[in-house]
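# fold the following.
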Amino acid sequence: MATYRIRTFQAVLLFLCACTASADIHAQTSLLDRILERGEIRIGTTGDYKPFTYLNPETGGYEGMDIDAAHMLGEALGVRVRFVPTTWSNLSDDTLNDRFDLAMGGITRTLKRQKILALTSPYVTIGKSPLIRKSDKDRFKSLQDIDQPGVRIGANYGGTNEAFVRANIRQATIVMFENNLDVQPAVAAGDVDVMFTDNVEAVIYARQNPALHALSPDEPLTREDIGYMTVRDDQPFMNWLNLWLYQMQQKGTLDALRSKWIGTF
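Numbers count the residues shown, from 1 in each chain. The predicted model follows:
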């Protein structure tokens with residue numbers, strides 16, 4: 001009887017070990033393999049940050065530099081691309097909670113994000129610049145000119161624009177917006193005086209609206225790198241993404257996308 005119990009215990013132990021090993025293997029399966037098996041990559045994007053990502057209300061579709069890049073990425077993987085809407089406030093949580101496989105759309109590489117997520121190699125370097133009304137060019141020439149009592153600064157919740165404003169504005173009034181797309185019309189309408197945003201976005205808005213002016217976009221107040229974001233500790237997927245970016249750079253494809261969507265300033 002004792003021998004039978006020992007053998008039964010050994011069999012149960014072996015079964016549990018096998019189940020645990022199977023679970024570990026599944027847990028360690030790269031997101032890259034799951035995407036290929038699924039035949040689809042889910043791209044999280046905010047749709048409110050030109051020239052990288054913009055949800056066009058007229059067409060109902062996404063457009064921008066990173067939207068073009070996402071389609072190229074899907075083609076390189078040999079899978080479909082499905083865009084998943086997100087917001088800057090929820091971007092990190094949505095990535096962690098598996099709402100999508102990869103976040104794209106002008107995402108700044110920050111140490112805070114890198115603590116809990118993974119960011120690819122950079123593909124664009126940008127920096128914060130003020131977007132003002134052209135009529136205020138003589139009034140606002142520096143950050144010191146802007147950070148004065150009575151000046152109203154517009155910023156959207158959750159992104160690096162808000163972080164910059166919170167860190168650098170001490171005397172001006174901060175007016176918060178839910179959607180990044182609502183800030184620049186507020187500047188043009190006179191509801192707020194200044195929007196701090198990345199120089200590429202400031203230039204795009206100034207090109208589109210002659211009432212607006214991008215202040216010194218070639219001399220930004222910060223220097224920041226833009227990359228794509230996914231879950232942490234998935235080295236195979238990160239290796240593939242970085243090699244894809246490297247090859248896009250080597251072939252001149254990234255330069256072509258920059259010229260199309262950003263241009264020069």
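# which parts of the stretch 51-200 of the chain are helices?
65-77, 91-96, 111-116, 143-146, 160-168, 183-189, 199-208 (DSSP state H, counting those that start in this stretch).
# looking at those helices, which is buried most?
Comparing the helices of the stretch 51-200 of the chain by mean neighbour count (mean count of other CB atoms under 10 Å), helix 199-208 comes out on top with a mean of 22. C-betas here are computed from N, CA, C, even on glycine.
# name the helices or strands packed onto the helix or strand that it is followed by?
Remark: after helix 199-208, the chain's next helix or strand is strand 212-214, criterion DSSP states H and E. If you count contacts as 3 or more CB pairs under 8 Å, 6 or more residues apart in numbering; DSSP states H and E, strand 212-214 packs onto strand 128-133, helix 183-189, helix 199-208.
# CA atoms of the helix or strand just after strand 212-214 as CSV?
As assigned by DSSP H and E, the chain's next helix or strand after strand 212-214 is strand 224-231. Included here for strand 224-231 are C-alpha records, laid out as CSV according to Å, rounded to 0.1, in the frame of the first residue of the first chain:
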residue,chain,number,x,y,z
GLU,A,224,12.8,64.5,-26.7
ASP,A,225,12.8,61.3,-28.7
ILE,A,226,9.7,59.7,-30.1
GLY,A,227,9.2,55.9,-30.2
TYR,A,228,6.7,53.1,-30.2
MET,A,229,5.5,51.5,-26.9
THR,A,230,4.6,47.9,-25.9
VAL,A,231,4.7,45.6,-22.9
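# ok and the helix or strand that strand 224-231 is followed by relative to strand 224-231, angle-wise?
Scanning forward in sequence from strand 224-231 by DSSP H and E, the next helix or strand is helix 235-250. Here helix 235-250 runs at an angle of 140 degrees relative to strand 224-231 (axes from the mean of the first three to the mean of the last three CA atoms, to 10 degrees).
# which residues are contacting helix 235-250?
For helix 235-250, contacts defined as CB atoms under 8 Å, 6 or more residues apart in numbering pick out 30-33, 35, 69, 72-73, 76, 102, 118, 120-121, 123, 228, 230, 254-255.
# format the helices of the stretch 51-200 of the chain as JSON lines; extra columns: mean pLDDT and distance to Gln249.
Listed next are those as JSON lines, based on pLDDT from 0 to 100; distance: least, CB to CB, whole Å:
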{"stretch": "helix 65-77", "mean pLDDT": "98", "distance to Gln249": "12"}
{"stretch": "helix 91-96", "mean pLDDT": "97", "distance to Gln249": "24"}
{"stretch": "helix 111-116", "mean pLDDT": "95", "distance to Gln249": "21"}
{"stretch": "helix 143-146", "mean pLDDT": "98", "distance to Gln249": "33"}
{"stretch": "helix 160-168", "mean pLDDT": "95", "distance to Gln249": "23"}
{"stretch": "helix 183-189", "mean pLDDT": "97", "distance to Gln249": "30"}
{"stretch": "helix 199-208", "mean pLDDT": "94", "distance to Gln249": "18"}
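# so which of the ones you listed is nearest Val175?
Of all those, it is helix 183-189 that lies closest to Val175, at 7.6 Å by CB to CB.
# got the helices of the stretch 51-200 of the chain as JSON lines, with distance to Ser216 columns?
As requested, the helices of the stretch 51-200 of the chain are exported to JSON lines (distance: least, CB to CB, whole Å):
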{"stretch": "helix 65-77", "distance to Ser216": "22"}
{"stretch": "helix 91-96", "distance to Ser216": "28"}
{"stretch": "helix 111-116", "distance to Ser216": "26"}
{"stretch": "helix 143-146", "distance to Ser216": "10"}
{"stretch": "helix 160-168", "distance to Ser216": "15"}
{"stretch": "helix 183-189", "distance to Ser216": "16"}
{"stretch": "helix 199-208", "distance to Ser216": "8"}
